[in-house]
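> Need a 3D model of the following:
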Amino acid sequence: MTKSIDFDDSTGVDSKKLGDQDKPEYNHVVAVDKLAGTITSGKDENPGRGNWSSKLDFLLSCLGFAVGLGNVWRFPYLCYSNGGGAFLIPYCIMLAVAGLPLFYLELSFGQFGSLGCVSMWRMCPAFKGIGIAMVVITALVCLYYNVIITWTIFYIFASLSALPGLPWTGCDNAWNSKYCLHYGSNGDNDTLNATTASPIVSPIISDVVFGGVVKPTSPSVYDALLNSAGLGNINLSTVAPETLNMFLNQTSNETIIKRPSEEYWNNYVLEITDGVEHLGGLRWHLVGCLGLAWIVIFLCIIKGVKSSGKVVYFTALFPYLVLFILLIRGATLPGSLDGVLFYITPKWHILKSARVWKDAAAQIFYSLGIAWGGLPTLGSYNKFHNNCHRDSLIVAFANCLTSIFAGFVIFSIIGFMAYDAQVPIDKVADEGAGLAFVAYPEAVARLPVSPLWSVLFFFMLFTLGLDSQFVMMETLITAVMDELAFMGAKIRKNKKWITLATCLVWFVCGLPMVSQGGMYVLQLMDWYAAGFSLCFVGLAECIVVSWIYGIDQYSQDVKSMVGFKPNIYWRVCWMFLAPGILAFIMLFSLVSYTPCQLGSYVYPAWADAVGWMIALSSILLVPGYAIYYFARVEKGPISERLRNGIKPLPAWGPALPEHREQAGYEPMKTKKAADYKNVIYTPVNNVNHDPEANNEVIAF
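Numbers count the residues shown, from 1 in each chain. Sure, this is the predicted structure:
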């Protein structure tokens, strides 16, 4: 049931000050569903900027952005390693006091001003560096995130290249070494079967098979070593003597055993070098897949939210279908229940560790996409009265429930892997690339019709990464478009060319990460680009909005959109709890800092220095831009510069005249207002000095 907007009801405007003749006239049909808080309109509310075609487009885009690769390959591992089911306690607490409040803050922030993550800092111009830092972080992550998508594309094709099997199941390939171990064709893990490339064949999963190192301490180590590797029942008569000598009789040297999927990943897909100092040549099959990934991204975002908003109907929902199918398949496998119990069984004593709480806070923060700039960007394409309060609750809880659900899927398969190899489950569990491109491919290779399960799994990872990449790229494009809005219709007409140029530049910049040493570059960027710097930006955002712009003013802004002010819970979280959690993560990260490493490889000091330069490239933008603004943009005495630098610019506020009236902002326009709908205004009773306007802002 709908009715027209009641200007006297919860709009934030004193209706007694406005006569009937003063109320704005609407040039488009708008209706407000007072129960659901949904705006319905026959066309875009803001034609100059554009809006989501439907409510579901927005919700699925938010869900796709929040639910990414980390939900599948990071959260389950964190959960088991931090107390199993007990980890859900700090996880839910961190969601309540930090994740959800900041999610709501950023969505409402972008929706109120209809601006991206850079231009929205018209609310406090001296801190525009926060928005620029968000863009820099997102730009850096876009570079390597699409390389991960590239790997999933390659594995999709590879899954179909060796039908009816998979290419990473044997040890008789050119890329295998003498340390390769695999099962016999009959799946009997009681017998070692020699092959030409490697006479050692054993169960896949164990301490040593996971790339671990066995160091025998005495000449007589047969029993201990075999038992530790899960080989206690092998038939030694089938193993060549030189193999046993190499495997067992090394009392002073390290013995490293590799499984086929690990060697396929390192020796064939990556052909990885021995360090970041040696990048080697390009891996051309990965270059082709990287190009394909960027083509897909470009085609999906070429029309902005109008095109990406439709693609997410598939990319956001398909992973749930695959996860459900994999859960059903995993539940039918022997050992799956043991894996699930290992995942959810609480270990209460672990909650005493500060690291558990830090991991819970960090996972919530990164998983929801806070401080990346994506959430304000998504919110900026909403209609003004959209109920972003309700949307925040839906998406945040759906994201966290997805993580928990994915844990059941992953650990049902891991339980089967441990059962099949007769080793403890904690020897099988892994995270990140180790789970996605080594452990899980090995698991699906053991299933009937393995190419089908492999394609499903990697296509799921592809779609999980794709919609997150959509939003990050849209964040970059929107930031550019908003900053060039003074060019009016001309810049809008060229948006597709800006999008194409951005994709081409990022493709070229990503080439070093598809070289032989590219994995070292990717790990270095992942270690530094969006860790400490992301927390710093989020903390600065909380402080500026809550304490400088003012929690009362911001609450009034939110009320003008959704009809009610944020209650005491939101306000306390924004002002105290969320900043405190972010400060805790930053402090703990500094205290427990370790140099970047990839497996057993520790990066040299110069590489860590480069990493810190990557981190500081965004962090220093916040104080750097503030210094620039006070020194070069503002004029007059220092006290006046400081005062004006933290006051909203005349351009701050809702985009459309009728919404500015409702929110209590006085309409203003620019000389370029005829060129584009998204005109610029200033608040009532808060007309501020705008040194950047160059007298282009004219009151009417």
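> need the strands for this structure, in chain order.
30-33, 38-41, 210-214, 255-258, 597-598, 601-602, 668-670, 697-699 (DSSP state E).
> do you know how far F532 is from E640?
Separation of F532 from E640 (CB to CB, to the nearest Å): 35 Å. No exception for glycine: its C-beta is placed from N, CA and C like everyone else's.
> cool, and W348?
Distance, W348 to E640, by CB to CB: 57 Å.
> Kindly report the same for E271.
Taking CB to CB, one finds E271 at 61 Å from E640.
> Of those two, which one has the most company?
Under the criterion of other CB atoms under 10 Å, the comparison of E271 against E640 puts E271 first, with 16 against 12.
> give the contact list for that one.
Neighbouring residues of E271 by CB atoms under 8 Å, 6 or more residues apart in numbering: 280, 283, 516.
> Can you give me the neighbour number for the residue nearest to G611 when sequence neighbours are not counted?
Closest residue to G611 apart from its sequence neighbours, by CB to CB, 6 or more residues apart in numbering: Y528 at 3.8 Å. Look at Y528: counted by other CB under 10 Å, it has 21 neighbours.
> Model confidence score at Y528, please.
pLDDT, Y528: 94.
> what does E640 give?
pLDDT at E640 comes out at 92.
> Can you name the residues that contact the nearest residue to it once chain neighbours are set aside?
Among residues not flanking E640 along the chain, E634 sits closest, at 7.5 Å (CB to CB, 6+ apart). E634 makes contact with 640-641, 644-645, 691 under the criterion CB under 8 Å, 6+ apart.
> do you know how far E634 is from I543?
For E634, the distance to I543 (CB to CB) stands at 20 Å.
> ditto for K303
37 Å.
> And E262, by the same measure?
46 Å.
> of these two, who's got more company?
For E262 versus I543, neighbours defined as other CB under 10 Å are more numerous around E262 (24 against 17).
> Go ahead and confirm the more buried one touches P441.
No. The pair E262 / P441 is not scored as a contact, 9.5 Å apart, by CB atoms under 8 Å.
> quick one: which of the contacts of E271 is nearest to L333?
Using CB to CB, R283 comes nearest to L333 of those, at 33.9 Å.
> Settle this for me: the closest one is touching G517, isn't it.
No. Assessed by CB under 8 Å, R283 is found out of contact with G517, at 10.2 Å.
> Specify the beta-bridge partners of K258.
With DSSP bridges applied, K258 shows beta-bridge pairing to C180, F210.
> and the gap between it and Y155?
Using CB to CB, one obtains 18 Å as the distance from K258 to Y155.
> How about A139?
Distance of A139 to Y155, computed by CB to CB: 26 Å.
> got it, and W527?
According to CB to CB, W527 and Y155 sit 24 Å apart.
> what about the two, which has more around it?
Y155 (26 against 20).
> quick one: the more buried one and P441, what's the gap?
Relative to P441, and taking CB to CB, Y155 is found at 7 Å.
> Common neighbours of the two, please.
By CB under 8 Å, 6+ apart, the residues touching both Y155 and P441 are S454.
> Pull the contacting residues for I302.
I302 sits next to 496, 499-500 when contact means CB under 8 Å, 6+ apart.
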